[in-house]
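*Asks:* show me how the following folds:
(one chain, ligands or ions: 1)
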Amino acid sequence: MKYISTRNKSIKVSAAEAIVNGISKDGGLFVPEEFPKLTKEDFDKLIEMSYPERVAKVLSLYLDDYTYEELLDYATKAYSRFYGEDPCPLVNVDDGLYVLELWHGPTCAFKDMALTMLPHLLSAARKKTGETSKTLILVATSGDTGKAALEGFRDVDGTDIIVFYPSDGVSDMQKLQMTTQLGDNVFVCAIEGNFDDAQSAVKRIFNDAEMQAKLLSNGFKLSSANSINWGRLAPQIAYYVSGYCDLISSGKINFGDKVNFCVPSGNFGNILAGYYASLMGVGVNKLICASNVNNVLTDFFTTGEYDTHRQFHKTMSPSMDILISSNLERLLFEFCSRDDKLIAERMESLKKVGKYSVSKQELEKLNRIFAVGYASEDDTAEVISNCFDVYDYLMDTHTAVAMSVYDDYYEESGDETPTVVVSTANAYKFPCDVYDALAQDYIEDAQKATKKLYSYTGEEVPEPLSDLDKKQVRFTKVIAKEDIEKQVLEYTQK
Ligand SMILES: *Cc1c(COP(=O)(O)O)cnc(C)c1O
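*Replies:* Numbers count the residues shown, from 1 in each chain. Next up, the predicted model:
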């Protein structure tokens with residue numbers, strides 16, 4: 001299967017090339033030429049499979065320049081790094097209500113679902129494409145991608161990784177996870193700015209031919225570990241397929257029945273994978289896109305206008321504090337009959353004037369499958385507390401945003417379809433806010449809040465978060481957002 005650019009369909013590359021390059025040279029994102037379908041027989045087999053086997057099966061339909069055996073080998077290695085029996089358990093919290101926990105990986109957030117796979121996919125892709133330069137992974141992070149990518153790529157041959165994060169825009173726990181990162185091929189740098197500033201600078205570097213030439217003369221070619229990279233997105237489709245299989249095998253639904261997925265969204269990568277799963281044959285009624293008060297997506301799905309001219313809010317769900325959701329580009333590509341010129345125009349408009357609109361027909365089509373909503377900070381805290389009281393279920397701030405939006409959706413629609421709330425982080429990644437929501441007591445220090453949260457809930461602290469305060473901080477550099485390019489060059493000259 002070939003991959004085409006959302007901004008120019010005549011650009012066609014193999015899966016391995018799409019993964020090595022990360023982004024298309026015209027600035028577009030790679031999408032598969034067509035979406036493979038899973039049959040009833042496929043689902044019968046998938047239901048019997050382990051999670052790594054399910055991942056290998058789903059990926060083998062997209063990445064046909066990799067063998068099933070190769071993919072199974074990578075998936076087995078990747079998901080053996082997860083703790084507990086199941087890499088993504090589906091927890092039944094109430095009648096017809098499920099939580100799909102995607103945070104049992106090495107950094108305790110859903111980014112691990114794909115970022116434990118990506119280094120394997122990328123290393124193999126380098127071999128398959130005969131790449132001789134080193135690969136430089138540039139990451140802009142709102143907190144969780146950075147750590148998961150660092151953990152995934154640390155000391156991987158032929159690669160170096162630089163992570164930029166907003167200096168005041170991540171939780172203390174997230175910051176400490178990144179600044180204590182081990183490995184000889186890693187660099188972590190804070191910027192004075194927000195996530196969008198970091199992401200825009202990284203995208204600028206990807207589109208800057210002069211910059212690429214300079215990097216190449218230093219022996220490096222760029223790639224991305226953000227969800228603009230197809231190698232990041234593809235493994236995410238697998239957990240929607242897997243969650244659906246688990247619902248069937250537990251007898252809760254029959255094959256072909258529809259379910260809702262409610263997804264806490266930022267860059268739109270997670271929920272987009274859910275949409276792709278629906279194209280493959282997972283029964284989906286609604287995909288509910290949940291935002292925090294940075295509700296640019298809620299407004300977009302309501303009005304058809306994507307407008308980034310708005311105040312940026314720092315919230316207790318920092319991984320969703322995003323105003324430019326990159327992966328929406330891929331979704332819109334499907335909803336405008338793959339009109340690449342139109343997508344290129346809209347993205348140009350986004351860059352130049354910070355907004356674009358879709359047609360009424362497109363909006364109508366989108367609203368047939370997508371529902372939207374957002375949660376205020378108070379809503380989020382209240383849901384954490386209620387779910388703990390009522391279901392005895394502890395959730396993090398991002399998952400709580402989704403649960404709150406689902407509550408509103410259920411109340412307004414009366415839709416009784418079984419619903420899976422996608423849970424994206426362990427509560428201990430955001431101990432200060434989670435403890436405050438439960439006990440109305442805000443403790444600034446993440447380690448102290450962790451201890452308090454443990455004595456309040458009795459929930460186990462995951463091993464990767466339990467001894468961070470004993471680790472040495474290795475990275476303290478803070479730079480202006482204008483200096484990101486300079487920093488990248490400096491790193492490659494060392
Ligand atoms: C990244 C992240 C999100 C947002 O996911 P997108 O794919 O960017 O929409 C939500 N919650 C957590 C905890 C995250 O790390």
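
*Asks:* anything in stretch 358-370 near the ligand?
*Replies:* No: using C-beta under 6 Å from any ligand atom, stretch 358-370 stays clear of the ligand, coming no nearer than 13.2 Å. Every residue, glycine included, has its C-beta placed from N, CA and C.

*Asks:* report the distance from that stretch to the chain centre.
*Replies:* Distance of stretch 358-370 from the chain centroid (C-alpha atoms, centre = their mean, to the nearest Å) equals 23 Å.

*Asks:* any idea where the helices of the stretch 101-250 of the chain begin and end?
*Replies:* Using DSSP state H, counting those that start in this stretch, the helices of the stretch 101-250 of the chain run over residues 112-115, 118-128, 144-153, 172-179, 195-206, 209-217, 230-249.

*Asks:* ok, and what's touching the shortest one?
*Replies:* Helix 112-115 is contacted by residues 81-82, 87-88, 102-106, 145, 148-149, 151-152, 225, 227, 231-236, 238-239 when judged by C-beta atoms under 8 Å, 6 or more residues apart in numbering.

*Asks:* can you turn the buried part of these into a PyMOL selection?
*Replies:* The PyMOL command for the buried members of those (criterion: 16 or more other C-beta atoms under 10 Å) is given here:
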select buried, resi 82+87+88+102+103+104+105+106+145+148+149+151+152+225+227+231+232+233+234+235+236+238+239
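
*Asks:* which ones among the contacts of helix 112-115 also lie next to the ligand?
*Replies:* Counting by C-beta under 6 Å from any ligand atom, the members of the contacts of helix 112-115 near the ligand are Ser227.

*Asks:* looks to me like Cys289 is in a strand.
*Replies:* Yes: checked against DSSP: H, G, I helix; E, B strand; the rest coil, Cys289 lies within a strand.

*Asks:* state the distance from it to Asn295.
*Replies:* Here the distance between Cys289 and Asn295 works out to 10 Å (C-beta to C-beta, to the nearest Å).

*Asks:* among those two, which residue is more densely surrounded?
*Replies:* Set Cys289 next to Asn295 and count neighbours by other C-beta atoms under 10 Å: Cys289 wins out with 29 against 21.

*Asks:* which residues does the more buried one bridge with?
*Replies:* Per DSSP bridges, the residues bridged to Cys289 are Val263, Val372.

*Asks:* was I right to think it contacts Val263?
*Replies:* Yes: under the criterion of C-beta atoms under 8 Å, Cys289 makes contact with Val263 at 6.4 Å.

*Asks:* need the overlap of contacts for these two.
*Replies:* Shared contacts of Cys289 and Val263, defined by C-beta under 8 Å, 6+ apart, are found at Ile271.

*Asks:* per-residue pLDDT of the closest residue to Thr116 other than its chain neighbours, please?
*Replies:* Distances taken as C-beta to C-beta, 6 or more residues apart in numbering put Ala78 closest to Thr116, at 3.8 Å, once the chain neighbours are dropped. We have a pLDDT of 96 for Ala78.

*Asks:* thought Ala78 was touching Leu121?
*Replies:* No: applying C-beta under 8 Å, one finds Ala78 not in contact with Leu121, separated by 9.5 Å.

*Asks:* now the residue sitting furthest away from the middle of the chain: how far from the ligand?
*Replies:* For the chain, the residue at maximal distance from the C-alpha centroid (C-alpha atoms, centre = their mean) is Ser217, at 32.1 Å. As judged by C-beta to the nearest ligand atom, to the nearest Å, Ser217 and the ligand stand 34 Å apart.

*Asks:* Phe206 now?
*Replies:* Applying C-beta to the nearest ligand atom, the value for Phe206 to the ligand is 18 Å.

*Asks:* got it, and Glu151?
*Replies:* Computed as C-beta to the nearest ligand atom, the Glu151 to the ligand distance reads 14 Å.

*Asks:* and if you look at Phe164?
*Replies:* Distance from Phe164 to the ligand, by C-beta to the nearest ligand atom: 15 Å.

*Asks:* tell me which parts of this structure are close to the ligand?
*Replies:* Close to the ligand, as judged by C-beta under 6 Å from any ligand atom, the chain has residues 109-111, 144, 227, 264-270, 319-320, 398, 424-425.

*Asks:* on that earlier part again, and the residue nearest to Thr116, which helix or strand is it part of?
*Replies:* Under the criterion of DSSP states H and E, Ala78 resides in helix 68-79.

*Asks:* quick check: Ile11 is in a strand.
*Replies:* Yes: the assignment for Ile11 (three-state DSSP) places it in a strand.

*Asks:* for the residue nearest to it when sequence neighbours are not counted, name its beta-bridge partners.
*Replies:* Nearest non-adjacent residue to Ile11, counting by C-beta to C-beta, 6+ apart: Ser5, 4.2 Å away. Using DSSP bridges, the beta-bridge partners of Ser5 come out as Asn8, Phe30.

*Asks:* can you get me a residue count around the residue in the stretch 51-200 of the chain positioned nearest to the ligand?
*Replies:* The ligand sits closest to Asp144 of the stretch 51-200 of the chain, with a gap of 3.1 Å, by C-beta to the nearest ligand atom. Residues lying near Asp144 (other C-beta under 10 Å) number 28.

*Asks:* that one is in contact with Ala425, isn't it?
*Replies:* Yes: with contact defined as C-beta under 8 Å, Asp144 counts as touching Ala425 (6.7 Å).

*Asks:* joint contacts of these two?
*Replies:* In terms of C-beta under 8 Å, 6+ apart, Asp144 and Ala425 are both contacted by the residues Ala109, Phe110, Ser319.
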